[in-house]
Every structure is written in C-alpha cells, then in structure tokens.
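Engineer: got a predicted structure plus its sequence, pasted below:
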Amino acid sequence: MPRGQFISLEGLEGVGKTTNRLYIESLLVQASIEVVVSREPGGTDLGESLRELLLHGRAGMLAQTELLLMAASRSEHIDKVIEPALSQGRWVLSDRFTDASFAYQGGGRELGANVVAQLHSLIKADLQPDLTLLLDMPIEAGMARAASRGKLDRIESEELAFFERARTAYLQRAADDPRRVKVIDAGQTLEQVQQAVSEALQPLLAKA
C-alpha cells in the first residue's frame, strides 16, 4: 500500500487556519482521499491534556518547559496518530507541526533553532510534512482577528515583539525549504486565499 501524504498548516494567530483546514479537508474528501485531521499541541489524549496546560496554564512557564511539553505532545502524536495513518495509506492534515516550535519557541521564546532541532533529534521527530502551508499576514491584523473571537489564551496574550520574532522564524523556515513550505498571503480575500491553497495542493493531489 502506498504511503499517505502529510500536510501541515502553519501560521500565527488570526490568519485563518481553522477556516482553511476545513477547506483543505473538503478538497481531499472530494478527491476521495481518506484523511486524518489532527492538531498540535494535541492529537492524542495525553497531547490534549498537555494542550490545556500549555494554552491555559499559569503565566510564567519557562521557555524550556514550554518547548519540552510541546515535544512530548509531538512525540505521542507522531507515534500514535501520524505514522500509523501514513503507513496505512491515509493522508494526515495537522493544524501545526514541527515548524511551530521553530517559530514559537525557537523564535518567539528566543531559544534558537539549534535547541529546537537538537530536542527533536533526541525524540527522533525527524518526520517532515510533504507539504506545509504557511498562512502569513501582518501581525497586528491577525491579532485583531484573534481578539475578536473572545478571550486570548496564554500564548495569544504575548506582546507583539514575541509574534514578530515568531513570524521571522516562520518565514526563515519557508526560505530554507521553499519546496516544502508554501507561503500563502492570508491578508487577501478568503476566495483568493483558498485559490492559492488549492493551487499549492495540486502537485500532491496529482499523485493521489
């Protein structure tokens, strides 16, 4: 059985990940592709418990602690959800994956890309998505969208400088691996964004 394809969706707060995740899922279903939809942190029972701690725990968590908790969630996610699905020929669509740690903890928390890479090597998280869609837009506009949804979580409540560093790290990931990471201008109309998303997916869909 052919191995499934792995797609990750990345971006800062308010860029429209949820809306576009649903759109991508609909495209895959229309193409008669069996897809497992998941998220990080989360994806497993333990991962969802860690997600609650990471997003709604007390303020003051050490940057290293945050990275370790993210890595713990990811290790479980890979072993119990992603790899089994891919090996069975199903596609996986994940709302965030490894790039998020390079952006948020490596960039935003200023731990550096090397620290993030070393930790992922330690937990043997060398899996890379076949395609990563990075939704990108000016930080202030994205945060305004996020704030309009209601109370912000622990990470969403960070100052703009944190998100500026995270955005820079995300864009560096795209520059370092343009074949895998496709940057989508999330400041466009929804129709334009989804057209760009659809075009980015076509090479994978052609293989299905």
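Structural biologist: Cool, the structure landed. The structure presented is a predicted model; accordingly, all values stated were derived computationally and were not measured.
Engineer: pLDDT weak spots in this structure?
Structural biologist: The chain contains no residues with pLDDT under 70.
Engineer: tell me where it has strands.
Structural biologist: 6-11, 35-39, 91-95, 131-136, 181-185 (DSSP state E).
Engineer: so which of those strands is the most packed in?
Structural biologist: strand 6-11 (a mean of 25; mean count of other CB atoms under 10 Å). C-beta here means a position set from N, CA and C on the backbone, and glycine is covered the same way.
Engineer: any idea of the angle that one forms with strand 181-185?
Structural biologist: If you take axes from the mean of the first three to the mean of the last three CA atoms, to 10 degrees, strand 6-11 sits at 40 degrees to strand 181-185.
Engineer: how about the helices in the chain?
Structural biologist: For the chain, applying DSSP state H gives helices covering 17-30, 45-56, 63-77, 83-87, 98-101, 113-122, 139-148, 160-176, 190-207.
Engineer: okay, the strands of the chain in a markdown table with distance to Arg149 next?
Structural biologist: Converted to a markdown table, these look like this (distance: least, CB to CB, whole Å):
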| stretch | distance to Arg149 |
| --- | --- |
| strand 6-11 | 15 |
| strand 35-39 | 16 |
| strand 91-95 | 15 |
| strand 131-136 | 16 |
| strand 181-185 | 20 |
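Engineer: what's the neighbour count on Ser87?
Structural biologist: 11 (other CB atoms under 10 Å).
Engineer: again but with Arg58, I slipped
Structural biologist: 7.
Engineer: quick revisit: possible to save the helices of the chain as JSON lines with distance to Ser38?
Structural biologist: JSON lines is the format used below for those (distance: least, CB to CB, whole Å):
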{"stretch": "helix 17-30", "distance to Ser38": "10"}
{"stretch": "helix 45-56", "distance to Ser38": "9"}
{"stretch": "helix 63-77", "distance to Ser38": "7"}
{"stretch": "helix 83-87", "distance to Ser38": "9"}
{"stretch": "helix 98-101", "distance to Ser38": "13"}
{"stretch": "helix 113-122", "distance to Ser38": "18"}
{"stretch": "helix 139-148", "distance to Ser38": "21"}
{"stretch": "helix 160-176", "distance to Ser38": "20"}
{"stretch": "helix 190-207", "distance to Ser38": "17"}
